[in-house]
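*Asks:* Predicted model follows, preceded by the sequence.
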Amino acid sequence: MTKPLHQILIRPLLTEKSVALTQPSADQSLVKYIFAVALNANKIEIAKAVEAYFTKEKVKVEAVNTLHVRGRKKRTLGKAHSKQAASYGTTPTWKKAIVTIRKTSPTIPLLEGA
């Protein structure tokens, strides 16, 4: 791994859906965690970074799925009463990784039920 861990794994994504994926249920037996990762990181680097970052918990990665989230177009206005035209910009493009953990591997306690 040539890049430091903090440059590959940017942050965990904690939404209702991502927290629900961390809990195994009747229809879902696998545990999945979702991270925002670097745009140039590949699946192998992401898997190694997760295993290296959570060595204390002895986490083993089974699969990694990635997807690019394209930035959206945003409009910003000038001052409220000026006659300036609106200017346009975009939100940043970023990459999401869905990491599946092996069944025999323990869960990550930091991201459980956040």
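*Replies:* Sure thing, it's come through.
*Asks:* Helix or strand: which one has Lys96?
*Replies:* When secondary structure is defined by DSSP states H and E, Lys96 falls within strand 94-101.
*Asks:* Mind giving me the packing neighbours of the longest helix seen in the chain?
*Replies:* Scanning the chain for the longest helix, with DSSP state H as the assignment, gives helix 43-53. Using 3 or more C-beta pairs under 8 Å, 6 or more residues apart in numbering; DSSP states H and E as the contact criterion, the neighbours of helix 43-53 among helices and strands are helix 5-8, strand 9-12, strand 31-37, strand 61-69, strand 94-101. C-beta here means a position set from N, CA and C on the backbone, and glycine is covered the same way.
*Asks:* what's the least confident stretch among these?
*Replies:* Taking each of the helices and strands packed on helix 43-53 in turn, the lowest mean pLDDT turns up on helix 5-8, with a mean of 88.
*Asks:* So which residues make contact with that one?
*Replies:* Applying C-beta atoms under 8 Å, 6 or more residues apart in numbering, the set of residues contacting helix 5-8 from outside is Met1, Val37, Ala38, Ala41, Glu45, Ile46, Ala49, Ala52, Tyr53.
*Asks:* hmm, back to that, so how far is the longest helix of the chain off the chain centroid?
*Replies:* The gap between the average C-alpha position of helix 43-53 and the chain average comes to 12 Å, counting by C-alpha atoms, centre = their mean, to the nearest Å.
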